[in-house]
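S.K.: what's the 3D shape of this:
(one chain, ligands or ions: 1)
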Amino acid sequence: MRDEPILHISEIFHSIQGESSYAGYPCLFFRLSGCNLRCSYCDAKYTYEEPATPTPLDTLLTEAARHPKALIEITGGEPLLQVGVYPLMEALLAAGRTVLLETNGSLSIARVPREVVKILDLKCPDSGMAEKMDLANLDLLAPHDEIKFVVSSRTDYDWARAMMTEHRLAEKAKLILSPVISRLAPALMAQWLMADALPARLQLQLHTLLWPGMKCGV
Ligand code: SF4
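M.R.: Reported below is the predicted structural model:
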């Protein structure tokens, strides 16, 4: 008999999808514990500083079934660090669910099923993690996938713009620019985006507008 996969979970919550082109839809979040990066602006340190809850795959599928209409987002931390994420994605797809995966861009997405909507970070220089990106991922994306730049400064914005041009990113996936609001005024970045007419969408984290100050469960 095969052992049931166990996933190490930081939190499970039902909320509004706050990022990506799916922003605004009801969504069930599975936040997996652990991260291999240490971004300068990280607002999810609890995913690698606090203990995880070992959770059987079946428990997660039961929780998903309690919200049959919701999107499912698998996030972290960095969810691809756990091998159990693959049977989880496959089981959710087999159940006919729309599955989003947020991943930090440092690990290969080669084993992620194509049907999963991948929201791939490309970490900008101010994160301190730009050197950790696995750029081979850029050739593994499908048109329904998304590339997200979290932008802290003009330096980050210029880097993102150069990456878009150099790697022809608009031909590979949808593009998102998300300002770190504590470091960069969104209206200023909106001006840059309009001036350059980049093929990218400005994104504000909807959950932080709806529930300001809440760090977990949103
Ligand atoms: S990848 Fe995400 S969870 Fe990991 S350090 Fe960066 S912001 Fe935090």
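
S.K.: next up, the contacts around the closest residue in space to N36 that isn't next to it in sequence.
M.R.: In space, and not counting its chain neighbours, N36 is closest to E78: 5.6 Å by CB to CB, 6 or more residues apart in numbering. No exception for glycine: its C-beta is placed from N, CA and C like everyone else's. Residues in contact with E78 (CB atoms under 8 Å, 6 or more residues apart in numbering) are 32, 34-37, 103-104, 106-107.

S.K.: mind redoing it with 10 Å?
M.R.: 32-37, 47-48, 85, 102-107, 121 (CB atoms under 10 Å, 6 or more residues apart in numbering).

S.K.: what residues does the protein have near the ligand?
M.R.: Contacts of the chain with the ligand, taken as CB under 6 Å from any ligand atom, map to 35, 37-39, 42, 44, 47, 76-78, 104.

S.K.: how about a cut-off of 8 Å?
M.R.: By CB under 8 Å from any ligand atom, the part of the chain that sits against the ligand consists of 35-39, 41-45, 47-48, 76-78, 104, 106, 121, 123, 127, 129, 150.

S.K.: filter those down to the buried ones, PyMOL style.
M.R.: Buried subset of the residues of the chain next to the ligand, written as a PyMOL selection, criterion 16 or more other CB atoms under 10 Å:
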select buried, resi 35+37+39+42+44+47+48+76+77+78+104+106+121+123+127+129+150
